[in-house]
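In: below: sequence and its predicted model.
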Amino acid sequence: MLNDHRDLYNAALVERRDAYRMGGVSIRYGDQSAQLKDVRADDADQARWSFSSQQATLRRVDRAFAGFFRRVRSGEKPGYPRFKGPGRFDTVEWPKDGDGCRWDSQPDNPTSRVRLQGVGHVKVRQHRPVAGRVKTVSVKREGDRWYVLLSCDDVPVQPLPPTGSTVGVDLGVASLVTVSEGRQIGNPRFLKRAAGQLTAAQRDLARKKHRSKRRRKAVARLAARHRKVRRQRLDLAHKAALTLVRDHDVIAAEALNIAGMTRRARARPDPDYPGRFLPNGQSAKAGLNRSILDAGWGVFLTVLRAKAESAGRTVVEVDARHTSQRCAACGHVAPGNRVTQAVFRCLACGHAAHADVNAAVNILRAGLARQADAQAA
């Protein structure tokens with residue numbers, strides 16, 4: 001099933017590319033979706049699968065090109081959509097439960113099952129009850145494991161009782177979370193701790209013969225180690241976010257542009273020697289970028305928003321500029337206020353505090369002010 005959907009994805013990409021190269025014609029999703037009936041009539045392999053799931057695959061191609069053109073217009077690195085090789089296409093989606101798929105296809109059976117057109121009934125190890133009405137069903141492969149992903153509508157909200165408490169949250173590398181009350185949640189640096197095992201697994205993979213059985217096993221071992229790091233990071237994000245959501249009604253956090261913060265340093269051409277470049281600090285920035293991504297700020301903020309919405313809490317995101325340089329006591333802003341990574345000492349009034357706690361207090365005040373402005377409007 002994955003291979004046939006991958007073939008459809010690649011064929012749609014080829015058609016778009018060749019039509020533009022040869023005739024300057026832009027192919028849209030509607031044009032390719034209209035051809036599906038003929039494709040299924042001519043190819044018995046494609047005819048086995050759900051029509052709606054194939055439409056979802058064509059929408060993936062359309063989204064890939066939409067992202068490409070958006071990046072071109074904004075002046076970013078375009079990144080032309082790539083063909084999906086074996087092992088590079090891992091998800092099939094059914095946009096509507098009951099159209100080519102059926103969740104809980106045998107409700108009288110004590111074991112949960114999902115029915116997929118062309119595959120049949122598949123047993124599922126369900127790890128928690130499904131809340132709401134199942135809207136879409138996706139099947140995803142991760143290494144040698146398979147997952148069913150459900151998105152649901154009409155999910156009942158379970159608001160927590162109000163606490164009357166507000167808090168500001170500062171994200172960092174030394175500590176993942178520092179709150180305005182002074183508490184900190186450490187950053188275990190999961191990727192750094194697993195670096196030795198990942199390096200060994202990568203070297204073992206490099207020694208294997210291409211397309212061999214041993215190489216496939218080495219790929220699976222490396223993927224399993226990366227999967228463990230990702231899940232450790234996600235588990236920490238869930239626990240940290242749950243603690244904040246349970247204890248506070250309003251949570252003020254930084255609105256971070258993580259992609260921009262971890263972008264490579266710009267090259268500095270040497271004006272005296274054309275073709276040469278001056279030092280731009282990329283080596284040091286690469287280490288900082290790795291630490292930021294290892295901390296998982298984006299994962300934490302995504303989980304925090306979701307849990308807050310489910311619990312009836314409010315997350316207010318504020319501009320992070322100068323929050324680490326502004327004195328929480330007098331409001332004086334200066335780069336010299338932050339003596340070290342951990343020490344803040346105001347040059348104007350002498351106020352001293354932990355630098356991350358001082359920043360969290362500033363974030364809380366900015367968040368409350370923004371919330372008040374929104375309510376007044």
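Out: Yep, that arrived.
In: any idea which residue is closest to the centre of the chain?
Out: Against the mean C-alpha coordinate of the chain, by Cα atoms, centre = their mean, the closest residue is V299 at 6.2 Å.
In: how about that one, nearest residue that isn't a chain neighbour?
Out: Residue nearest to V299 in three dimensions, not counting chain neighbours: A237, with 4.8 Å by Cβ to Cβ, 6 or more residues apart in numbering. Using the backbone N, CA and C atoms, a C-beta is placed for each residue, glycine as well.
In: what pLDDT is listed against R266?
Out: At R266, the model reports a pLDDT of 88.
In: how many neighbours does it have?
Out: 7 (other Cβ atoms under 10 Å).
In: about what we covered before: touching, the residue nearest to V299 and R305? I think so.
Out: No. Between A237 and R305 there is no contact under Cβ atoms under 8 Å: 11.3 Å.
In: please say which of these two ends up with more neighbours.
Out: The residue with more neighbours, out of A237 and R305, is A237; 24 against 16, by other Cβ under 10 Å.
In: which strand or helix spans that one?
Out: Using DSSP states H and E, A237 sits within helix 213-247.
In: show me what whichever helix or strand comes after that helix is packed up against.
Out: Next helix or strand after helix 213-247 toward the C-terminus (DSSP H and E): strand 250-254. On a contact count with 3 or more Cβ pairs under 8 Å, 6 or more residues apart in numbering; DSSP states H and E, strand 250-254 meets strand 166-171, helix 297-311, strand 314-318, helix 355-376.
In: report all helices and strands that whichever helix or strand comes after the first one contacts.
Out: What that stands for is strand 166-171. Note on strand 166-171: by DSSP H and E, the next helix or strand toward the C-terminus is strand 175-179. Other helices and strands packing on strand 175-179, by 3+ Cβ pairs under 8 Å, 6+ apart, are strand 166-171, strand 184-186, helix 213-247, helix 355-376.
In: of all these, which lies closest to P156?
Out: Closest approach to P156 among the helices and strands packed on strand 175-179 (Cβ to Cβ): helix 213-247, 16.8 Å.
In: list the buried residues in that closest one.
Out: With burial defined by 16 or more other Cβ atoms under 10 Å, the residues of helix 213-247 counted as buried are 215, 218, 222-223, 229, 232-233, 236-238, 240-241, 244-245, 247.
In: which phi and psi does S180 have?
Out: For S180, the backbone dihedrals (degrees, to the nearest 10) come out as phi -60, psi -20.
In: and what of V119?
Out: Backbone dihedrals for V119, given as degrees, to the nearest 10, come out at phi -110, psi -50.
In: enumerate every residue touching it.
Out: Contact analysis of V119 by Cβ atoms under 8 Å, 6 or more residues apart in numbering lists M1.
In: what's the distance between it and G312?
Out: Using Cβ to Cβ, to the nearest Å, one gets 40 Å for the distance from V119 to G312.
In: mind checking which helix or strand the residue of the chain positioned farthest from its centre is in?
Out: For the chain, the largest distance from the centre (Cα atoms, centre = their mean) belongs to D272, which lies 42.8 Å off. Per DSSP H and E: D272 is located in neither a helix nor a strand.
In: for it, give its distance to L278.
Out: Distance of D272 to L278, computed by Cβ to Cβ: 10 Å.
In: do the same with E181
Out: Remark: distance between E181 and L278 (Cβ to Cβ) = 45 Å.
In: higher neighbour count, these two?
Out: Here E181 and L278 are compared on neighbour count by other Cβ under 10 Å; more neighbours surround E181, at 14 against 11.
In: wait, a helix at the more buried one?
Out: No. Counting by DSSP: H, G, I helix; E, B strand; the rest coil, E181 falls outside a helix, being coil.
In: pretty sure it is touching T166, no?
Out: No. In this structure E181 lies outside contact range of T166 using Cβ under 8 Å: 10.1 Å.
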